[in-house]
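Enquirer: could you look at this predicted model? Sequence included:
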Amino acid sequence: MLWWPVNAVQALFTLCWTLPGLLIAYVIHAVTRSQKLPLALARRIWAPGLMFGAGARLRVEGADQVDWSRPQVLVANHQSMIDIPALFRTSPVPLRFVLKEELTRVPFLGWYIRAMGMIGIARGDGRKARASIEQAAELVRGGATLVAFPEGTRKPEGLPSPFKGGAFQIAIAAGCPVLPVAIQGSGSVLQPGGFKVRPGTITLRFGEAIETAGLQPGDRQALARQAHEAVTSLMGGTA
């Protein structure tokens with residue numbers, strides 16, 4: 001099958017579906033000063049629309065065993081940008097993502113990130129990174145659920161790369177659980193190198209929450225290794 005015309009239409013659909021959604025969310029937030037409705041729209045309308053446009057099917061395992069009433073930090077491997085709508089679609093609660101600070105400077109997207117209370121982490125600037133981590137911890141202490149991709153970059157195939165410590169520092173500072181999530185198949189649905197989309201199944205497996213009570217900041221690397229082992233195991237591998 002000749003895929004480039006299909007992918008061109010899908011790219012146009014993604015743009016036309018996302019940009020108005022960002023503007024609507026921003027206007028709603030500006031009027032109501034609330035993040036609740038825009039995040040609900042992302043979960044119920046934007047994310048399902050993108051999944052449909054990509055021809056992606058979702059298979060979810062273990063989400064029904066999660067205590068979603070607790071604020072927590074979800075940590076997942078990162079295969080593709082479509083991981084974000086897949087997680088939005090799967091979670092019954094609003095999600096805020098921990099992202100690279102550079103994304104907060106992208107027009108439209110950056111406005112949405114800031115308005116929705118998502119956290120941009122400045123790499124290479126320790127002072128700003130620490131301030132962002134404390135901001136994220138305060139958000140969780142206020143009842144929010146965060147999502148982080150602690151590999152620090154996308155890896156479309158294979159087992160996850162070692163996890164960096166920032167997400168775990170947030171969880172320890174907030175005193176909240178870490179919830180490991182394994183994502184498989186998304187790197188085949190939205191492939192690296194341009195906009196290469198192929199229909200397929202994305203599987204999300206939710207593990208058991210890892211408690212952080214009693215942990216100190218110096219424990220973050222050990223916690224990162226524990227979470228990495230959990231995600232690797234959920235993917236069917238060995239750390």
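Expert: Arrived safely. Not measured: the values here are computed from a predicted model. Residues are numbered from 1 along each chain as shown.

Enquirer: does residue 80 count as helix, strand or coil?
Expert: At residue 80 the chain is in coil, as set by DSSP: H, G, I helix; E, B strand; the rest coil.

Enquirer: in a strand, residue 183, correct?
Expert: Yes: under three-state DSSP, residue 183 falls within a strand.

Enquirer: please verify my assumption that it contacts residue 86.
Expert: Yes: judged on C-beta atoms under 8 Å, residue 183 makes contact with residue 86 at a distance of 6.9 Å. Quick note: C-beta positions are derived from backbone N, CA and C, even for glycine.

Enquirer: these two: who's more crowded?
Expert: A direct count of neighbours by other C-beta atoms under 10 Å for residue 183 and residue 86 places residue 86 higher, at 29 against 25.

Enquirer: thought residue 225 was touching residue 165?
Expert: No: checked against C-beta under 8 Å, the pair residue 225 and residue 165 is beyond contact range at 9.8 Å.

Enquirer: quick revisit: okay, and the common contacts of residue 183 and residue 86?
Expert: Shared contacts of residue 183 and residue 86, defined by C-beta atoms under 8 Å, 6 or more residues apart in numbering, comprise 202, 204.

Enquirer: okay, residue 225 and residue 165: which has more neighbours?
Expert: Ranked by neighbour count (other C-beta under 10 Å), residue 225 and residue 165 place residue 165 first, with 18 against 15.

Enquirer: and the nearest residue to the more buried one once chain neighbours are set aside, what pLDDT?
Expert: Among residues not flanking residue 165 along the chain, residue 220 sits closest, at 4.3 Å (C-beta to C-beta, 6 or more residues apart in numbering). Note for residue 220: predicted pLDDT of 97.

Enquirer: in which helix or strand does residue 220 reside?
Expert: Per DSSP states H and E, residue 220 falls inside helix 220-234.

Enquirer: and residue 4, backbone torsions?
Expert: Main-chain torsions, residue 4, degrees, to the nearest 10: phi -60, psi -40.

Enquirer: for residue 208, see how far away residue 7 is.
Expert: Distance, residue 7 to residue 208, by C-beta to C-beta, to the nearest Å: 38 Å.

Enquirer: have a look at those two and say which one is more surrounded.
Expert: For residue 7 versus residue 208, neighbours defined as other C-beta under 10 Å are more numerous around residue 7 (17 against 13).

Enquirer: what number of residues lie near residue 64?
Expert: Using other C-beta under 10 Å, residue 64 has 9 other residues around it.

Enquirer: so is it in a helix, a strand, or just coil?
Expert: At residue 64, secondary structure determined by three-state DSSP is helix.

Enquirer: how about the residue nearest to residue 165, what does it touch?
Expert: Residues in contact with residue 220 (C-beta under 8 Å, 6+ apart) are 165, 168-169, 172.
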